[in-house]
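Enquirer: Predicted model and sequence below, questions to follow.
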Amino acid sequence: METQVDFASELAEAVLRDINKTEGKFFSITFFKKDGSLRTMTCRTEVTKGVNGKGLKFDAREYDLKPVWCLDKQAWRMINLDSVVEITFGNKTIQYT
């Protein structure tokens, strides 16, 4: 049974929908970090490396966060879906305002 989550913003919902379209393939995303700096990251979802089966201690969706595997850092990172500026996957670039 799938749990429905109400997102705090339409932006978060749209970004998550677009991330899910990548189907686990690499994508580039530009967003504002918590400290206010702009970051562009190459990452992907559906990675099993570093997963211990315990899961997160909180529901990231409740905070409009998306866990992704960062290619540069070779580690899990969280993206705040409300702060995304741009996502690129395949030959498609989507900008959010």
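Expert: Right, received. Where do you want to start? Since we're looking at a predicted model, the values are computed, not measured. Numbering: from 1, shown residues only.
Enquirer: C-alpha only now, for contacts and for neighbours.
Expert: Noted.
Enquirer: For residue 68, see how far away residue 28 is.
Expert: Distance of residue 28 to residue 68, given as CA to CA, to the nearest Å: 11 Å.
Enquirer: Apologies, that question was intended for residue 13.
Expert: 16 Å.
Enquirer: Next, the buried residues of stretch 46-64.
Expert: Judged by neighbour count (16 or more other CA atoms under 10 Å), stretch 46-64 contains these buried residues: 61, 64.
Enquirer: Do a quick rundown of the strands in this structure.
Expert: Applying DSSP state E to the chain gives strands spanning 27-32, 38-44, 65-70, 75-80, 84-89, 92-95.
Enquirer: and the nearest residue to residue 60 once chain neighbours are set aside, what are its bridge partners?
Expert: Nearest residue to residue 60, sequence neighbours excluded (CA to CA, 6 or more residues apart in numbering): residue 66, at 6.4 Å. Assessed by DSSP bridges, residue 66 has beta-bridge partners residue 79.
Enquirer: surely residue 66 meets residue 82?
Expert: No. Contact criterion CA atoms under 8 Å: residue 66 and residue 82 do not qualify, at 10.4 Å.
Enquirer: Nearest spatial neighbour of residue 44, chain-adjacent residues omitted?
Expert: residue 26 (4.7 Å).
Enquirer: Point to the residue nearest the middle of this structure.
Expert: In the chain, the centroid-proximal residue (CA atoms, centre = their mean) is residue 66; its distance is 3.9 Å.
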